[in-house]
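Colleague: What would the 3D arrangement of this be:
(4 chains)
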2 protein chains.
Amino acid sequence: MFDPVCPSGLSPIRVGDKWAGMIIRCLEEGPRRFSELRVPLRGITAKVLTQSLRALQRDGLVIRNSHAAPGHAPAPVYELTALGRSILEPMNAACAWAADHWDDLLDARES
Amino acid sequence: MFDPVCPSGLSPIRVGDKWAGMIIRCLEEGPRRFSELRVPLRGITAKVLTQSLRALQRDGLVIRNSHAAPGHAPAPVYELTALGRSILEPMNAACAWAADHWDDLLDARES
DNA sequence: CTGTATCCTCCAAGATACTG
DNA sequence: CAGTATCTTGGAGGATACAG
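Modeller: Numbering: from 1, shown residues only, chains lettered A, B, ... in the order given. A predicted model of the protein is given here:
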């Protein structure tokens, strides 16, 4: 299990629901299709991915484009909106914090 | 209802559990006692405040000091650790983002 | 492939009552 | 004042089956 907000799991900072941060990370490098998202997000079910994506659309962070080419099956792609890209900044700040203080967080838990 | 991460409620960025961000904000200006925290955090029950505080202690963000003076009842105070204060930085980044994009978030929801 | 429809489980969070 | 002890519940999230 990895963390949207960096190394993995311990950071108290979250973005949206359980998967939202990771979805945003997956869309960072460009538009992706439904099944492409399911690969890095191992373990997510179709239902939950749909739910998270709908929530991100509702909040204006992600947009769904239905590229229907004639003679082809419709191939919708999801991509970040400008708003969605803008949230990468605070996410990266959170990520940097988590990386900087990883040892402190680990120490606090085990002691 | 207000938001740990700024204006109020809509921001997809969260810190810890439901109350953690707000608790951290309440401790920003100095140590506070249990009952002092319950005032700004209106509606929180003793049980849930205890739980959140224990989680913050476990993660090393908050420390509980039991100032027992002779002849007085014990008066524990909660305060941020250095680690706890350090998380204010990414929280403020998230806060700034939320403030900057408040209108976008509102527009996305209502349309 | 891209979903929707059901059903189920678990747990965060609240209500309430009680204790040192 | 500063909690602990129970009980309850709404909803997030997962499993599985089915659909266009």
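Colleague: so who does the residue most central in space within chain A touch?
Modeller: Note on chain A: the residue nearest the mean C-alpha position is A:I23, at 2.1 Å, using C-alpha atoms, centre = their mean. For A:I23, the residues meeting the contact criterion (C-beta atoms under 8 Å, 6 or more residues apart in numbering or on different chains) are A:37, A:41, A:49, A:52-53, A:56, A:62. Using the backbone N, CA and C atoms, a C-beta is placed for each residue, glycine as well.
Colleague: any residues touching the helix or strand A:D103 falls within, and which ones?
Modeller: Under the criterion DSSP states H and E, the helix or strand holding A:D103 is helix A:102-110. The set of residues that contact helix A:102-110 without belonging to it, under C-beta under 8 Å, 6+ apart, is A:7, A:10-11, A:98, B:58-61, B:83.
Colleague: Any quick PyMOL command for the buried ones out of the residues you listed?
Modeller: Here the buried members of those are turned into a PyMOL selection, burial being counted by 16 or more other C-beta atoms under 10 Å in any protein chain shown:
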select buried, (chain A and resi 10+11+98) or (chain B and resi 59+60+61+83)
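Colleague: Just put the contacts of helix A:102-110 in CSV and tack on distance to A:H72, pLDDT and secondary structure.
Modeller: Listed next are the contacts of helix A:102-110 as CSV, based on distance: C-beta to C-beta, whole Å; pLDDT from 0 to 100; DSSP: H, G, I helix; E, B strand; the rest coil:
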residue, distance to A:H72, pLDDT, secondary structure
A:P7, 40, 61, coil
A:L10, 44, 80, coil
A:S11, 41, 86, coil
A:A98, 42, 93, helix
B:R58, 53, 97, helix
B:D59, 50, 96, coil
B:G60, 54, 97, coil
B:L61, 52, 98, coil
B:L83, 53, 98, helix
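Colleague: can you count the residues close to the residue of chain A found nearest DNA strand C?
Modeller: Closest residue of chain A to DNA strand C, C-beta to the nearest atom of the strand: A:S35 (2.8 Å). Number of residues near A:S35 (other C-beta atoms under 10 Å in any protein chain shown) recorded here: 10.
Colleague: Need the contact partners of the strand or helix carrying it.
Modeller: Assigned by DSSP H and E, A:S35 belongs to helix A:34-38. Helix A:34-38 has contacts (C-beta under 8 Å, 6+ apart) with A:23, A:26-27, A:44, A:46, A:49, A:53, A:76, A:78.
Colleague: Is there any residue in that helix that contacts DNA strand D?
Modeller: No - in terms of C-beta under 7 Å from any atom of the strand, no part of helix A:34-38 sits within range of DNA strand D; the closest distance is 10.1 Å.
Colleague: So for that helix, what gets flagged as buried?
Modeller: Going by 16+ other C-beta under 10 Å, helix A:34-38 has these buried residues: A:37-38.
Colleague: same check, this time on stretch A:81-100
Modeller: Neighbour-count burial for stretch A:81-100, counted by 16+ other C-beta under 10 Å, picks out A:81, A:83-84, A:86-88, A:90-91, A:93-95, A:97-98.
Colleague: Which ones, among these, also lie beside chain B?
Modeller: Filtering those for neighbours of chain B using C-beta under 8 Å from any C-beta of the partner chain leaves A:83, A:86-87, A:90, A:93-94, A:97.
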